[in-house]
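**Student:** Coordinates for the following, if possible.
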Amino acid sequence: MTGGTHQDVLNVIIADKQALYDSYMSFLQTEGFS
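**Tutor:** This next block holds a predicted model:
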């Protein structure tokens with residue numbers, strides 16, 4: 001299982017960016033910029 005933990009970290013980073021992006025888009029819609 002070499003590199004398994006690295007993949008886990010990568011997945012967390014990707015999921016984190018996706019959540020951040022979703023929050024950002026929701027903010028824009030709420031502020032009426034969309």
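
**Student:** Any stretches of the protein with poor pLDDT?
**Tutor:** By pLDDT under 70, the low-scoring segments of the chain are 1-3, 34.

**Student:** Let me see the ranges of the helices in the protein.
**Tutor:** 4-31 (DSSP state H).

**Student:** And for residue 30, the neighbour number?
**Tutor:** Neighbourhood size, residue 30 [other Cβ atoms under 10 Å]: 9. Quick note: C-beta positions are derived from backbone N, CA and C, even for glycine.

**Student:** Pull up the gap between it and residue 24, please.
**Tutor:** 11 Å (Cβ to Cβ, to the nearest Å).

**Student:** Report the set of residues contacting both of the two.
**Tutor:** Residues touching both residue 30 and residue 24 by Cβ atoms under 8 Å, 6 or more residues apart in numbering: none at all.
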